[in-house]
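1. next one to model:
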Amino acid sequence: MGDTIIISSNPFPFWGGMHFGIGFIILMVWSIAWKGWALWLAARRGEKWWFVALLVFSTLGILEIIYIFLVAKRSDKSEGSRVSSPAAPNRQSDESESVRTPASE
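-> The predicted model follows:
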């Protein structure tokens, strides 16, 4: 007698519609933050292959976290830091910095 068929216009009825959008935005912010940090670190360290791999593969931050906390830390401890600190420039001697001009001689 009264069989009613309800058709939902929501393509993700089990995800809750609007909640899907919020969850997606949270995952995107999470992924972009980790990817940015890992890409910056790989570029600063001069590791081209890691940079390309991190740029191409999207793993929601998993590969980026592995690179930051395992690969970069391990190679820093075994090789020493490859990147010199801009706050402490490498100076050989004070004489190399002085400039002689004809007036000072």
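
2. and Pro58, helix, strand or coil?
-> Small correction: residue 58 is Ser, not Pro. Following DSSP: H, G, I helix; E, B strand; the rest coil, Ser58 is assigned to coil.

3. isn't it up against Ser31?
-> Yes - using CB atoms under 8 Å, Ser58 makes contact with Ser31 at a distance of 6.9 Å. For glycine as for every other residue, the C-beta is placed from the backbone atoms N, C-alpha and C.

4. the two: which is more packed in?
-> Legend: neighbour count by other CB atoms under 10 Å for Ser58 and Ser31, higher for Ser31 (16 against 12).

5. pLDDT score assigned to that one?
-> Here, the pLDDT recorded for Ser31 equals 92.

6. which helix or strand contains it?
-> Ser31 belongs to helix 18-45 when assigned by DSSP states H and E.

7. what packs against that helix?
-> Where contact means 3 or more CB pairs under 8 Å, 6 or more residues apart in numbering; DSSP states H and E, helix 18-45 is packed against helix 48-56, helix 62-66, helix 72-79.

8. so what's Tyr67 closest to, chain neighbours aside?
-> Ala38 (5.0 Å; CB to CB, 6 or more residues apart in numbering).

9. ok, that neighbour - contacts?
-> Taking CB atoms under 8 Å, 6 or more residues apart in numbering, we find Ala38 in contact with 54, 63-65, 67-68.
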